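> test case, fold it:
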Amino acid sequence: TFLHLKLLLTLSCAWIVAACAGNPPNPYDPYEGYNRATYEFNTAIDNAIAKPVAKGYVKVVPKTVRTGVSNALENLADTRYTVVNLTQGEPVAALESLHRFVFNSTFGLLGLVDVTELFNLPPKQKNDMGVTFAKMGWANSNYFVVPLIGPSTSRDTVGVVADVFATPYVYAFNDWVSLGVLVAGGIDLRSKLLDVESVTTTAALDPYVFQREAYLQFRNQQLKNHGVKYIQSAHERESLYEDDEEDAGLSIAELARQRNQ
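Next comes the predicted model:
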């Protein structure tokens, strides 16, 4: 089934993490040889498939429709945030996510229309099982590039498996519908990142390093926002994050958001 296939893929990635350890020159990127190869693979797939599809999606589908699709996907995500917040002992955040889902699903026409402002709904409580694992003690985690997905960490790669099981609509929908939601989410996300390409290619001589630093800084800030105090044990990583809080919010997705604004 779709769920089993996704689980097998993610577990395979976790196995690769364990197999790639060595004596790296970079203390927080011990799998750099593998990561660079996977980065090149992902880039090739992106250039050949994902980016052309995203460009076609933006060109053919009206912006109003794209906004509705994005709203509906975000609405479904609130069901996962409800469960994940409960795993972290955050009942208020879980109830707020459920509150948003119920109102957007009913008055917002299955989430196609975001009625957050109309009904003064609570802010979105984004969360994931990677944060749960970090709160449980797995705070330090090495950088890891997941095939077909992109930048992550060894902890957050395992967290993807838990996220699948923490997503209620995976159990409510059949495999084809779940696959459709996954594909739609990927296209929607890639379409939002089209404006970032020029930034990533000109921001650094090594796009791999740029993506790694941007992701780790952003992820570090996310975890800090959720109350995880210690993210990396390496002195370089601590000084980078603690001495430059302004840059801590930098990420590929954030660059896209700022560019659109």
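
> leaving out chain neighbours, which residue sits closest to G111?
In this structure, G111 finds its nearest non-sequential neighbour in N75, 2.7 Å apart by C-beta to C-beta, 6 or more residues apart in numbering. In short, each C-beta sits where N, CA and C put it, glycine included.

> check L73 too.
G185 is the one closest to L73 (C-beta to C-beta, 6+ apart), at 5.3 Å.

> quickly note the distance from that neighbour to A72.
From G185 across to A72, the span is 10 Å (C-beta to C-beta, to the nearest Å).

> looking at those two now, which is surrounded by more residues?
When G185 and A72 are compared for neighbours, A72 comes out ahead with 22 against 16, by other C-beta atoms under 10 Å.

> check contacts around that one.
L110, G111, L112 (C-beta atoms under 8 Å, 6 or more residues apart in numbering).

> try it again at 6 Å.
G111, L112 (C-beta atoms under 6 Å, 6 or more residues apart in numbering).

> quote the end-to-end distance of stretch 98-116.
Taking C-alpha to C-alpha, to the nearest Å, stretch 98-116 runs 13 Å from one end to the other.

> just the mean pLDDT for that stretch, thanks.
Taken as a whole, stretch 98-116 has a mean pLDDT of 94.

> over to stretch 183-190?
Averaging pLDDT along stretch 183-190 gives 94.

> try stretch 144-159
The pLDDT scores in stretch 144-159 average 94.

> list the contacts of that stretch.
By C-beta under 6 Å, 6+ apart, the list of residues contacting stretch 144-159 reads 13-14, 17, 35, 38-39, 128-130, 133, 138, 141-143, 211, 215.

> then stretch 128-136?
By C-beta under 6 Å, 6+ apart, stretch 128-136 touches V84, T87, Q88, R155, D156, G159, A162, D163, A166, L223, H226, V228.

> quick one: low-confidence parts of the stretch 1-150 of the chain?
Along the stretch 1-150 of the chain, the parts satisfying pLDDT under 70 run over 1-25.

> quick one, strands of it?
Secondary structure of the stretch 1-150 of the chain, counting by DSSP state E, counting those that start in this stretch: strands at 143-146, 150-153.

> for the ones you listed, which one sits closest to L121?
The closest of the strands of the stretch 1-150 of the chain to L121 is strand 150-153. By C-beta to C-beta, the value is 30.1 Å.
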